[in-house]
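K.L.:
How does the following fold in three dimensions:
(chains A, B, C and D)
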There are 4 protein chains.
Amino acid sequence: MPDCSPAKWHLAHTSWFFETFILESVIPEYVAFNPQFRILFNSYYQTVGEQYSRPQRGLLSRPTLDEVLKYREHVDRCMISVLEDAGTRATTAAVIELGLQHEQQHQELILTDIKHMLSLNPLRPAYSRVIGPAGEAQAQNWSRYEAGLQWIGHEGDTFAFDNEEPRHRVFIEPFELASRPVTNGEYMAFIEADGYERPDLWLSDGWYAVNDQHLRAPLYWEFRDGAWFLFTLSGLRELRPEEPVCHVSLYEADAFARWAGARLPTEAEWESAACEESIDGNFVEQGLLHPAPGAIHKDGPVQMFGDVWEWTQSAYVPYPGFNPPEGALGEYNGKFMCNQIILRGGSCATPQSHIRATYRNFFPPGARWQFSGIRLARNAK
Amino acid sequence: MPDCSPAKWHLAHTSWFFETFILESVIPEYVAFNPQFRILFNSYYQTVGEQYSRPQRGLLSRPTLDEVLKYREHVDRCMISVLEDAGTRATTAAVIELGLQHEQQHQELILTDIKHMLSLNPLRPAYSRVIGPAGEAQAQNWSRYEAGLQWIGHEGDTFAFDNEEPRHRVFIEPFELASRPVTNGEYMAFIEADGYERPDLWLSDGWYAVNDQHLRAPLYWEFRDGAWFLFTLSGLRELRPEEPVCHVSLYEADAFARWAGARLPTEAEWESAACEESIDGNFVEQGLLHPAPGAIHKDGPVQMFGDVWEWTQSAYVPYPGFNPPEGALGEYNGKFMCNQIILRGGSCATPQSHIRATYRNFFPPGARWQFSGIRLARNAK
Amino acid sequence: MPDCSPAKWHLAHTSWFFETFILESVIPEYVAFNPQFRILFNSYYQTVGEQYSRPQRGLLSRPTLDEVLKYREHVDRCMISVLEDAGTRATTAAVIELGLQHEQQHQELILTDIKHMLSLNPLRPAYSRVIGPAGEAQAQNWSRYEAGLQWIGHEGDTFAFDNEEPRHRVFIEPFELASRPVTNGEYMAFIEADGYERPDLWLSDGWYAVNDQHLRAPLYWEFRDGAWFLFTLSGLRELRPEEPVCHVSLYEADAFARWAGARLPTEAEWESAACEESIDGNFVEQGLLHPAPGAIHKDGPVQMFGDVWEWTQSAYVPYPGFNPPEGALGEYNGKFMCNQIILRGGSCATPQSHIRATYRNFFPPGARWQFSGIRLARNAK
Amino acid sequence: MPDCSPAKWHLAHTSWFFETFILESVIPEYVAFNPQFRILFNSYYQTVGEQYSRPQRGLLSRPTLDEVLKYREHVDRCMISVLEDAGTRATTAAVIELGLQHEQQHQELILTDIKHMLSLNPLRPAYSRVIGPAGEAQAQNWSRYEAGLQWIGHEGDTFAFDNEEPRHRVFIEPFELASRPVTNGEYMAFIEADGYERPDLWLSDGWYAVNDQHLRAPLYWEFRDGAWFLFTLSGLRELRPEEPVCHVSLYEADAFARWAGARLPTEAEWESAACEESIDGNFVEQGLLHPAPGAIHKDGPVQMFGDVWEWTQSAYVPYPGFNPPEGALGEYNGKFMCNQIILRGGSCATPQSHIRATYRNFFPPGARWQFSGIRLARNAK
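P.N.:
Purely as a prediction, here's the structure:
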């Protein structure tokens, strides 16, 4: 899968980020650990220079894991000396913070990429031994939000990515939001109602994907001996209807919503609802590495954070007044603002400290290898 | 080019639309002119049934042009009898209106598709003999628009497509809009400033397109003997710097804007400015079939309508409360609301009566065979 | 289909051949009818210059058929004056002969290309109204040929292509040759015996083609309402088991032969048998445009000529001492001597005067749009 | 590169061969080491069952190298018990011999596949530290062979693959063979004479490959700072003009030969010359892992064996009377007898004990990652 990288590459790339954006500019006469790593572990920074092609990252038998770990130690050691230097300037501190957040993003990608690679292996190896207990899905109901001018986006001293800014006003028509994500059981009903055979339910590009890729179920679902199984980071196991459905594309999320007489929320709707909720939930720290039925019972939406990234219907475009940083770090987010869709809320593979209500994740509409799920919305009067 | 169809196909398809959506439902026991045309000339209506593959439309040596013209006569004759029937209901009238608007859209496509096909022919055949006089570009300046809550979208009894509705509120931050489209001369300056070699100017997918397709100039530009030429519907001729640039993709429009220290307008910005302008300009009725320098001099923006479709930065998504019609006609617009970008204002190939301030055209960001151009915007304080 | 060209292109190309290889070299100060036709109607002669891409030939709406016919008239008129010139040299006469043989080859291609294009048209148009009477297949038996040193290839004053020369010796082990081509009925038995599902019967590349292209029967076979139909130049009609099977690839011919406990003949075996037979049979002059059961009853093989091109197991390689002409005409045959397989004997679309025992036709092993069939051979002791 | 496999896969596959074709049939109630290895490490035996896709072999992070080594130990242990069993039948012994020869083939592939993978790594890692001393190329001259009926192919009790049999007669016209392989220096002259820009020198498919893949030199050649370098198993180093050229495709070999006024030998010519030579030369046992100037000086051809596989002009087709074994092992060679070209003589990566005059290696004409080179031939009178 061209979107996935080996874990070894992620390990080296996150250190490359610190080396390139901190060490090379802060330490006078810094000597690169290996000058060729500048190309090998550059992900997509055109301004930094050439990159080694992503689909070929799997071919890199050299450097070995050992060498990569030495590279990390080297960079870590240098970074500690930078951090201990009382004279470190605010601009440097901001890039260090960015590097840490960047590494958290790759921690999540390591899990999703390993899951994908193991899924292709007929041996079905498991990454983890933990399997959460079976549970029960909460009842689905709707929360109403009134029309009005809302402020969305990030502001203030806490960390946020450039794409979350500036904070600005949007007018939101009245809407309703589902209290919890769609479950596997509900999605099975869509499949059994011939959801994958009804073109009227699908976006045109989605219908093309269904036929071109022969899609009949979410990624990692397998039908064996009359029952659905899921491939998870804990291996293959029977599907539990009460768990939030995940590994669906935007196309599948959108078709399901249309079938259910609803729609996906816009990112503004989602954020205006989420900013009232506390950031609790099933994050990577829980160790489940899989979405689970909601543990918290309360009025209003639950599981807005954790479990599954929730597809919105919003394309990833700049906020009015968006102003990326100068130089290579300006490429971090801005250049992807086309052909991508916003997802919100984090997943069971996201660090809890990484997420917030204004956080904008984005993937192409056909992507399925992230822990991506569905929360419904609908128009209100 | 898989996006283009032969003129013969367009002729048959527009009559197919009337046959399928009017004659078959209104005339009891209507006998199809040829039942196989139902498949052959169905563009993309899954609900109507199977379709003949678009990239293969060029292979249809049968029916001949003569047979297609007979088909059109037959359908026209039946349509006249429907129109003369005093009992025709309002719902039927609405679909007839849609069929007429649909045919106008295909009149424009016939021109752009013929232009593309002729451009591939080494004989360089001309479709038209008309070449407008040389002129002079107006000076570029900026109009300021204040922040505020705006109503956009269509409302009322006049015709509009479903995707222009419902009329709704958006909050717009203060912005400035360029007084006229970007010219060939300005675009040449971008090329000469190595615009196509600077990755920092491009969206990621745009930079991929530049390299993958070896893009160095807009479509139909050719560099010969030290000068730029354009292939036009009147054949190959020297580029005129004063004309609006056209046949650029969203990627090129966006890169140009970034280079120029500006950005593309959102569709809401564009519409709120355009609704103050009268719908005059260089449309298909002028017969130039090519954009020309603005003829009208006034304060504020000119050439908002006609000449070139203007790329916005807005993805094509449903308006809040969007409600497509039931049945096959629901496929007209709604299912394309993904991976497409909004263009506004009509072009020199658009019928004047077809366009309005709320009109939402859309194409994938890489499309270049339409008369698509650039109007700049920028943030204001 | 990238291998097919429109009839208009074939008409122009065959005149282009005379213009380029005769008129331009023989008539002093010859003025080209249209200098751009040099590119447009050049098939593959790199030495002559650039070529217009074959898959795009279908896009040429200009020149129109009328213009092409005028081009042909012009070239014909000039050629007549060349022919009437008593001083025409032997080398020129040889190229004229080549041009005539070349035009015969394109007459056959016009038929096979039209057949392919009409087959893609859901209207199923017929090119001809002639349908031969039903008949009966002759019994299949085997002729034995003894081991020995044989001369094969062409020699002497009559016309032959360069690839048929020089005449040379080959040693042939004893073998047997089937008395007639394989029939549709026999091929149906292969299909019914799961021939398309048994990898052990197929060449590796053939098995890939079966799966990649979902092959289940020869080209132009369709299964409808419990029976097999064939699309022919006379339209769709029921399959007749007694007719020679055609429109099979080398892969299908080879798999069938293996299933039947036989193999395909080598081209040397085929030629050494064919040189004893007279050149009678079902050629294009019969007007059937479809293979038919053999009309001649005799001992030894029948239908060696006409009906279907017979796949051999021989790759298309140069004969020892092969010596292509200097210049562009050296490209006629020699440069294709890789990745192609020899077929022998001509088909129902071949002019009778065009064929001989030494004639070497060649196509890639996956080609199916020619009238290609199967004659079996087997080892003898 | 889809043709290459990781070393780990080769290690497992060669043991899989013994497990599948010996242990499973000879040891009653043999328990598979891991039943899923049957799919994972099956290369292309359709009759054995499903295979794991070759291009995805690189994705198999499991089983680990440790597990594969344990698998090999397990199979080796069982094989030793089979070998020690006095009752082992001749048919089993023949398959064991085949398994050993098969493993030798994969030893060569491990080297060529590692070379390819390392070549893609910007770190340019070396596999070996050995670099042979510089030398001098022998003078090129020609040996003449008279016309006559020759026996070629294998016969007798020593091991040979099925495709080398049966021994049979071929008639060979008189020819001359070059005394040694073409050198890098000679090939550079071809490049400098614009060999890659002259379509008249190339087979049609070769010219397509030149343009499609932008070929300008053999694989692993790099032009840096005004000089040619080679990537070798000992890393990147300056090209030595005296070494045999290698990593050329059949297309390059054929174009070079045409440019040099010669041609490639047929496999019958090659074999009839080689059977007079002793099997000495630069094989894998030398440890150079790279072709070198010939060490032996004598009349007649040298370096027929070792250094580089020599492209012939012969397509890989069955010998008359070819009779593959029943069952899965019949797939070993026979099903590839289409679209492949014969190479002869072994290379610097081939075990010396593995090669003989009748040995038929084969690759598609575009393949370049093997140690493939050129020996010229020409017609004699």
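K.L.:
Buried residues, stretch A:86-102. List them.
P.N.:
A:92, A:95, A:96, A:98, A:99, A:102 (16 or more other CB atoms under 10 Å in any protein chain shown). Glycine gets a C-beta too; all of them are placed from N, C-alpha and C.
K.L.:
Could you give the number of residues near residue A:39?
P.N.:
Per other CB atoms under 10 Å in any protein chain shown, the neighbour tally for residue A:39 reads 15.
K.L.:
Repeat that for residue A:187.
P.N.:
27.
K.L.:
which ones are touching it?
P.N.:
Going by CB atoms under 8 Å, 6 or more residues apart in numbering or on different chains, residue A:187 touches A:218, A:245, A:248, A:256, A:374.
K.L.:
before we move on, the earlier item: what is the nearest of the buried residues of stretch A:86-102 to chain D?
P.N.:
residue A:102 (22.8 Å; CB to the nearest CB).
K.L.:
Hmm, the closest one is touching residue A:17, no?
P.N.:
Yes - contact status for residue A:102 versus residue A:17: in contact at 5.5 Å, counting by CB atoms under 8 Å.
K.L.:
if I look at the closest residue to residue A:313 other than its chain neighbours, how far off is residue A:186?
P.N.:
In this structure, residue A:313 finds its nearest non-sequential neighbour in residue A:264, 4.2 Å apart by CB to CB, 6 or more residues apart in numbering or on different chains. Using CB to CB, to the nearest Å, one gets 15 Å for the distance from residue A:264 to residue A:186.
K.L.:
Between those two, point out the one with more neighbours.
P.N.:
Each of residue A:264 and residue A:186 has its neighbours counted (other CB under 10 Å); residue A:264 has more, 24 against 18.
K.L.:
what is residue A:143 paired to in the beta sheet?
P.N.:
residue A:177 (DSSP bridges).
K.L.:
quick check: longest helix of chain A.
P.N.:
helix A:90-119 (DSSP state H).
K.L.:
counting contacts, what elements does it pack onto?
P.N.:
helix A:7-18, helix A:65-84, strand A:227-232 (3 or more CB pairs under 8 Å, 6 or more residues apart in numbering or on different chains; DSSP states H and E).
K.L.:
try 6 Å
P.N.:
Helices and strands touching helix A:90-119, as assessed by 3 or more CB pairs under 6 Å, 6 or more residues apart in numbering or on different chains; DSSP states H and E, comprise helix A:7-18.
K.L.:
So the helix it packs on, near chain D or not?
P.N.:
No - against chain D, helix A:7-18 shows no contacts by CB under 6 Å from any CB of the partner chain, the least distance being 8.8 Å.
K.L.:
ok, residues contacting that helix?
P.N.:
Contacts to helix A:7-18, defined as CB atoms under 6 Å, 6 or more residues apart in numbering or on different chains, come from residues A:41, A:43, A:57, A:65, A:68, A:71-72, A:75, A:79, A:99, A:102-103, A:106, A:110.
K.L.:
what about the helix or strand immediately after that helix in the chain, average pLDDT?
P.N.:
Next in sequence after helix A:7-18, counting helices and strands by DSSP states H and E, comes helix A:24-26. Mean per-residue pLDDT for helix A:24-26: 92.
K.L.:
Now do the buried residues in the helix or strand just after helix A:24-26.
P.N.:
Following helix A:24-26 in sequence order, the next helix or strand is helix A:37-40 (DSSP H and E). Going by neighbour count (16+ other CB under 10 Å), the buried part of helix A:37-40 is A:37, A:38, A:40.
K.L.:
mind exporting helix A:37-40 as CSV, just the C-alpha atoms?
P.N.:
Extracted in CSV, the C-alpha atoms of helix A:37-40 (Å, rounded to 0.1, in the frame of the first residue of the first chain):
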residue,chain,number,x,y,z
PHE,A,37,19.4,10.5,5.6
ARG,A,38,18.4,14.0,4.5
ILE,A,39,16.9,12.4,1.4
LEU,A,40,16.0,9.0,2.8
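K.L.:
which residues touch residue A:374?
P.N.:
If you count contacts by CB under 6 Å, 6+ apart, residue A:374 has them with A:182, A:253, A:256.
K.L.:
Looking at these, state which has the most neighbours.
P.N.:
Most neighbours among the contacts of residue A:374, by other CB under 10 Å: residue A:253, with 28 neighbours.
K.L.:
before we move on, what SS does that one have?
P.N.:
helix (DSSP: H, G, I helix; E, B strand; the rest coil).
K.L.:
Is it correct that it is in contact with residue A:311?
P.N.:
Yes - the criterion here is CB atoms under 6 Å, and residue A:253 meets it with residue A:311 at 4.2 Å.
K.L.:
Around chain B, which positions in the stretch 251-381 of chain A sit nearby?
P.N.:
So far as CB under 6 Å from any CB goes, the stretch 251-381 of chain A lies against chain B at A:315, A:320, A:321, A:335, A:336, A:338, A:339, A:365, A:379.
K.L.:
From residue C:285, how far out is the residue nearest to the fifth one when sequence neighbours are not counted?
P.N.:
Translated: residue A:336. For residue A:336, ignoring the flanking residues on the chain, the nearest one in space by CB to CB, 6+ apart is residue B:204 at 5.4 Å. According to CB to CB, residue B:204 and residue C:285 sit 62 Å apart.
K.L.:
Which one of the residues in chain A is closest to chain C?
P.N.:
residue A:214 (12.7 Å).
K.L.:
Is residue A:155 in contact with residue A:167, as I believe?
P.N.:
Yes - in this structure, residue A:155 is within contact of residue A:167 by CB under 6 Å, at 4.0 Å.
K.L.:
The residue of chain A closest to chain C looks like it's in a strand, true?
P.N.:
No - according to three-state DSSP, residue A:214 belongs to no strand; its state is coil.
K.L.:
ok, it - contacts?
P.N.:
Contacts of residue A:214 by CB under 6 Å, 6+ apart: none found.
K.L.:
ok, it to residue A:372 distance?
P.N.:
20 Å.
K.L.:
Does residue A:123 lie in a helix or a strand, and which?
P.N.:
In this structure, residue A:123 is located outside every helix and strand according to DSSP H and E.
K.L.:
That one against residue D:37, yeah?
P.N.:
No - the pair residue A:123 / residue D:37 is not scored as a contact, 8.8 Å apart, by CB under 6 Å.
K.L.:
As JSON lines, the contacts of residue A:374 with pLDDT would be great.
P.N.:
Below are the contacts of residue A:374 laid out as JSON lines (pLDDT from 0 to 100):
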{"residue": "A:182", "pLDDT": "98"}
{"residue": "A:253", "pLDDT": "98"}
{"residue": "A:256", "pLDDT": "98"}
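K.L.:
could I get these as TSV with distance to chain D?
P.N.:
Below are the contacts of residue A:374 laid out as TSV (distance: CB to the nearest CB, whole Å):
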residue	distance to chain D
A:182	31
A:253	28
A:256	30
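K.L.:
In the helix or strand in which residue A:236 is found, which residues are buried?
P.N.:
Per DSSP H and E, residue A:236 falls inside strand A:235-238. Under the neighbour-count criterion of 16+ other CB under 10 Å, strand A:235-238 has residue A:235 buried.
K.L.:
ok, back up a step: more crowded one of residue B:204 and residue C:285?
P.N.:
A count of neighbours by other CB under 10 Å puts residue B:204 above the other of residue B:204 and residue C:285, at 19 against 12.
K.L.:
That one and residue D:11: what is the separation?
P.N.:
40 Å.
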